[in-house]
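Q: need a 3D model of the sequence below.
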Amino acid sequence: VGPHMAPLPETLVAPLGAEVAAPDPGALPPGVDLDAPFFVCLGTIEPRKNHALLLDIWDEIGGGPRAPRLYVCGTRGWRNEEVFARLDRGVPGVVELPGLSDGAVAALLERARGLLFPSFAEGYGLPALEAAALGCPVLCGPLDIWDEVLAPGAVVLPLDAPYQWRDEIVRRAAAPGPRPPRRPPPDWAAHFRIVLSMT
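A: Predicted structure coming up:
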């Protein structure tokens, strides 16, 4: 510590708790085929979530009978009119599923070929934790938060290389391989044990 800097206070890391719902396939809307290859994008549809990257990829992949589906789960947010317009026009193979229950989302994650999470910025990244807890592979960009909450399990892909995302998606749709082991998320009891240990 230099002469003009105070010593850093003692710090502890207390990950926030997360509760994962039991999968409830019966809560899914009609037409959702859990046996066909599909991916999930989960979260509010806003610019930092980078849905545009995925829509570009599905424009390339197309919506043929052998192409994977992309289920976009989340409410529409703000300042994303271009993405909303693309969803309204329709992108081959992309299905928007707003307003799902937690059990319905868990049913999707449990069977998906992957959670696609190309965010430019994230806080805690709760959807990725939920996916990992259900044994769903997580494909994400190179954000520091994933080193803390997902390492070494996530598949990290550069956000400026959409072809790498496309190739990984196509590969997993054709041959998913073994699912990663389930990673139980931190619980609230452990969080408060750490927090209260400082008092």
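Q: what's the worst-scoring helix or strand of the chain on mean pLDDT in contact with?
A: Every helix and strand in the chain was compared by mean pLDDT, DSSP states H and E; the lowest is helix 188-196, with a mean of 84. The contact list for helix 188-196 (Cβ atoms under 8 Å, 6 or more residues apart in numbering) reads 12-17, 19. In short, each C-beta sits where N, CA and C put it, glycine included.
Q: okay, now the unreliable bits of this structure?
A: Low-confidence segments of the chain, defined by pLDDT under 70: 1-4.
Q: hmm, try it at 80
A: Applying pLDDT under 80 to the chain flags residues 1-13, 151, 198-199.
Q: tell me where it has helices.
A: 51-61, 81-89, 102-111, 126-133, 144-149, 162-174, 188-196 (DSSP state H).
Q: what residues sit buried inside the shortest one?
A: By neighbour count with 16 or more other Cβ atoms under 10 Å, helix 144-149 contains the buried residues 146, 149.
Q: so how far is that helix from its chain's centroid?
A: Distance, stretch centre to chain centre, for helix 144-149: 13 Å (Cα atoms, centre = their mean, to the nearest Å).
Q: what's the answer for the last one, then?
A: Shown here is helix 188-196, whose average C-alpha point lies 25 Å from the average C-alpha point of the whole chain (Cα atoms, centre = their mean).
Q: residues touching the closest residue to Glu60 other than its chain neighbours, list them.
A: Once flanking residues are discounted, Glu60 sits nearest to Arg166: 6.1 Å by Cβ to Cβ, 6 or more residues apart in numbering. Residues near Arg166 by Cβ under 8 Å, 6+ apart: 57, 60-61.
Q: now a ChimeraX select for only the buried ones of the contacts of helix 188-196.
A: Buried members of these, defined by 16+ other Cβ under 10 Å, are picked up in ChimeraX with:
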select :14
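Q: Pro180: which of the contacts of helix 188-196 is nearest?
A: Distance to Pro180 across the contacts of helix 188-196 (Cβ to Cβ) is lowest for Pro15, with 19.2 Å.
Q: I'd say the closest one and Leu129 touch.
A: No - judged on Cβ atoms under 8 Å, Pro15 makes no contact with Leu129 at a distance of 9.1 Å.
Q: now list whatever residues contact both of these two.
A: Joint contacts of Pro15 and Leu129 (Cβ under 8 Å, 6+ apart) are Val149.
Q: how far away is the closest residue to Leu70 other than its chain neighbours from Gly123?
A: Sequence neighbours aside, Val94 is the residue nearest to Leu70 in space, at 4.7 Å (criterion: Cβ to Cβ, 6+ apart). Look at Val94 and Gly123: by Cβ to Cβ, to the nearest Å, they are 26 Å apart.
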